[in-house]
Every structure is written in C-alpha cells, then in structure tokens.
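Participant: After the sequence you'll find the predicted model.
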Amino acid sequence: MDLSLFITPLAGNKIVDYMSAKDTLGSQVYFYKGDEIDGDFQLAIIGVKEGRGGHSISCKDSANYFRDHLYSLYPSWKNLNIIDLGNIEEGNEWKDTNYALSEVVFSLVSNNILPVIIGGSNDLGYGVYKGYERLEQTVNLVTVDRKVDLNEEGNKSDTYLRDIILSKPNYLFNYTNLGAQGYFCNPEIEALMEKLFFDNIRLGQIQQDKTFSEPYIRNADIFSFDLNAIRQAEVPGTTVASPNGFFGNEACQLTRYAGMSDKLSSVAFFETTPEYDVNGQTFSLLAQMIWYFIEGFANRKKESPLSSDKNYTKYKVVLNNTQEELTFIKSTKSNRWWMKVPYPPSSKTKFERHHLVPCDYKDYEMAMNDEMPDLWIRTYKKINVY
C-alpha cells in the first residue's frame, strides 16, 4: 500500500518523544514515514483533521492531543504489530477529506489491517462507510451516541446517517445506536428507526446491564463512538457536552467489547476538542478507551461458528405456538451465544454474513419460554425486505 497521497506522517521530534520512554506503547509502535506499507500490521492509528461538518471547528485539532496520553501507557499484550500512520489533513472541501478517509479505510481493510480513527466530527463516519462500498459486501454499523444523527436539516454531524442510508447502491444491512438519551431523541427519527428495523438502545438499558450491549457490538463491522455520549464531568473537552451519559469506565467496557469482536474491522472516535478540555482529562480518557480496545483486540477468540462445530454446542428450540425451530449456538471457549436466522435461498451469498446473529443467554431463555426473540424477528424481516 502507498498511502502517501492521503497521509501526512508525524513530525520527527514527536516520534522521538513517543519512542523514548522504555516499555511504553509509544516505544512499541511503528511510525509511518511516507514509505509503502506491507501487510504485517494488524492495527493502524489515523488522525483526521476535519471539523467543518460538526458543532465545533476546533475538533479538527484533536488528532495529536490523544497521542501524548496514549503513548505514555503501558501495554498488557504482546506480539501486536501497530502502525501510527499520522494524519489525514483537511482537504479543500469537506468531501475531499472524506474521500481521502474512504481511500485509506478501503486500503487498510482490504489488507486485513484494522483502522483506529480519531477525528474530527462524527460526520466522518460517512467517509468510513464509503470505504466499505468498494468491498461490495453488506455491513453492520454500530454507533455510540446520545441521539441518532438522522436529521433532515442541520450540520453534517446531525445528518450524515441519512446520507449513508440513502447511498446507492446501498450496502448497509443493519444500524444500531447505543446510549440514546430520550430527551435528545426526535420521535419522528425513532419512528423511522423502527420502520427500518434498526435498533436504538437507551442509555439506561446499558447502564443497568453493560453486557446487554455486547451482542450488538459483536455484530458490527464498523464501530463509531461520539464522545458526547459520555458525561461532561468525565470529558469536558467535547463539542456538545451534557451532564448525563456514560461513565468513563462504562465507555472503556464498550470499546473493549468492540476490540474483542472478530467481525469488527474498523473503529472511530469523534467529537473531542482541546478547546474545552481541562487538564487533558478528555484525551486521557480517550487514550484509555483506545487502550482497552487494543487489549480486547489482543484477546480475540477467533471464533467462527459457521465454519466449524469444534468448541461449540448447538441447542434447538421448537416454539409451540408457531412450530418454528430455532437454533442457538454457544461457544465453549468464551460462553458467547449466536442464533441462526434463515434467509431466502436466492439471497444466500448476499446475507450469509448475517445468517448467524450474536445474541445472549436471555434470548435462549425467551425461546425456552415459548417466546420468539425480538432480535430474531427484526433480523428475519430485514433479510426478507432486502
């Protein structure tokens, strides 16, 4: 890969600073110098200096701040090859930056390198999604946000999901938002989410049981985290801060789930700004969130229930009221659950990746109580509507 058209490497003096502290993450990362990249890397860190679509133009300056905190941390893992590519600079127009981002994402994902993207405003999620279009496979998107950015009007960070949904040809199979706060949620948008069989999970549901979010995250190809979903007391340096939201340790748990997902192939963090930060607190938490993501990645189980019966136990449940037979699969390595959802024979290739849906034990319990799990119903409807 030659990404020199789109990427500006970090300054040499910064690289020396990051590498100087023994045994820290900074001393173990390879820093891009404008040369070609081989396929030996597993993770690539990228800053994107773009904020024109968001609520605060200063969020474009976030790209370098988090590195000072991230590279001073000590890794708990071994044998991970990580490259810091540097930054995608702001283009002449917003669309130019997103085009550069889409090209970088496509190149990395095609070469089995997972991009860790730090923005910038969350409308850069459009550029991330466009990078997957050239792969021509349906994908699942999961965002962590206090609201769903499906507005018809407003700046791009409030409307970018509409652009993704209306893209032609469209490769978005499912969209899930985690951490919605009811007072920020437009009822018309919530109705549209329901009509499209998308999921909008409330903050309270996740805080009651953080494991509730894990199957949704495990089903994602793209995971995008708007840090405005975290309480202002935890992250003062965000673009539209709010007193309520996730706690810092909860945000770290979500990113660790994302890292552990064998299916996930890109992750992005948006909406931080040094303009409002206090004592580096926001970027310190962002660095820790990324640290937990990397730790989760290092502990991936490489589970593939579709391709092997080894290390898996199958459970079949017949619902008395419909005579529908449901198949659940449990991993004996991680105790994680999946359930099979049938697709039309003519769509086998298109939907094969979505045939096995991550779930949890509660879905199995529901079936045992003669109730059809809502997740099965929504997935089945999506497959048969496409």
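Facilitator: Looks like it arrived, so ask away.

Participant: Break down this protein into its helices, ranges please.
Facilitator: 12-20, 65-70, 94-110, 125-133, 156-165, 187-195, 203-208, 214-218, 248-260, 281-298, 348-351, 361-368, 374-385 (DSSP state H).

Participant: Against which helices or strands is the fifth one packed?
Facilitator: In terms of contact count using 3 or more Cβ pairs under 8 Å, 6 or more residues apart in numbering; DSSP states H and E, helix 156-165 is assigned the packing partners helix 125-133, strand 172-180. Quick note: C-beta positions are derived from backbone N, CA and C, even for glycine.

Participant: Take those and write them to JSON lines, including distance to Asp158 and mean pLDDT.
Facilitator: Below are the helices and strands packed on helix 156-165 laid out as JSON lines (distance: least, Cβ to Cβ, whole Å; pLDDT from 0 to 100):
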{"stretch": "helix 125-133", "distance to Asp158": "12", "mean pLDDT": "96"}
{"stretch": "strand 172-180", "distance to Asp158": "13", "mean pLDDT": "96"}
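
Participant: From Phe212, how far off is Tyr74?
Facilitator: 31 Å (Cβ to Cβ, to the nearest Å).

Participant: now Glu295
Facilitator: 21 Å.

Participant: So between the two, which is more surrounded?
Facilitator: Higher neighbour count among Glu295 and Phe212: Glu295, with 18 against 15, using other Cβ atoms under 10 Å.

Participant: Now do the same contact list for that one.
Facilitator: If you count contacts by Cβ atoms under 8 Å, 6 or more residues apart in numbering, Glu295 has them with 75-77, 256, 259.

Participant: would CSV of the helices of the chain with distance to Glu275 be doable?
Facilitator: Below are those laid out as CSV (distance: least, Cβ to Cβ, whole Å):
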stretch, distance to Glu275
helix 12-20, 21
helix 65-70, 11
helix 94-110, 20
helix 125-133, 22
helix 156-165, 16
helix 187-195, 29
helix 203-208, 26
helix 214-218, 30
helix 248-260, 20
helix 281-298, 10
helix 348-351, 45
helix 361-368, 43
helix 374-385, 40
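
Participant: Of all these, which one comes closest to Ala44?
Facilitator: Ala44 lies closest to helix 94-110 among these, at 5.4 Å (Cβ to Cβ).

Participant: what bridges to the residue nearest in space to the middle of the chain?
Facilitator: By Cα atoms, centre = their mean, the chain has its centre lying nearest to Phe223, at 0.8 Å. According to DSSP bridges, the residues that bridge with Phe223 are Val142, Val267.

Participant: How many neighbouring residues does Ala233 have?
Facilitator: 13.

Participant: and the closest residue to it other than its chain neighbours, what pLDDT?
Facilitator: Leaving aside its sequence neighbours, Ala233 sits nearest to Pro243 (Cβ to Cβ, 6 or more residues apart in numbering; 7.3 Å). If you check Pro243, the pLDDT there is 96.

Participant: and if you look at Val357?
Facilitator: Confidence score, pLDDT, at Val357: 93.

Participant: right, and it touches Trp376 too?
Facilitator: Yes. With contacts counted by Cβ atoms under 8 Å, Val357 reaches Trp376, the gap being 7.3 Å.

Participant: what touches both of these two?
Facilitator: In contact with both Val357 and Trp376: 339, 341, using Cβ under 8 Å, 6+ apart.

Participant: Would you agree Leu108 is in contact with Leu43?
Facilitator: No. Contact status for Leu108 versus Leu43: not in contact, 9.4 Å apart, counting by Cβ under 8 Å.

Participant: These two: who's more crowded?
Facilitator: Using other Cβ under 10 Å, the more surrounded residue of Leu108 and Leu43 is Leu108, with 26 against 22.

Participant: re the thing from before, include distance to Lys263 when you put the helices and strands packed on helix 156-165 into TSV, please.
Facilitator: As requested, the helices and strands packed on helix 156-165 are exported to TSV (distance: least, Cβ to Cβ, whole Å):
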stretch	distance to Lys263
helix 125-133	13
strand 172-180	12
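
Participant: out of those, which comes closest to Ser27?
Facilitator: Among the helices and strands packed on helix 156-165, the nearest to Ser27 by Cβ to Cβ is helix 125-133 (29.1 Å).

Participant: And the contacts of that closest one?
Facilitator: 48, 97-106, 109, 117, 139, 141, 143, 156, 160-161, 163-164, 167, 169, 171-172, 221-222, 224, 266, 268, 270.

Participant: Check what pLDDT the spatially closest residue to Gly248 that is not a sequence neighbour gets.
Facilitator: The shortest distance from Gly248 to any non-neighbouring residue, by Cβ to Cβ, 6+ apart, is to Glu234 (4.5 Å). pLDDT, Glu234: 97.
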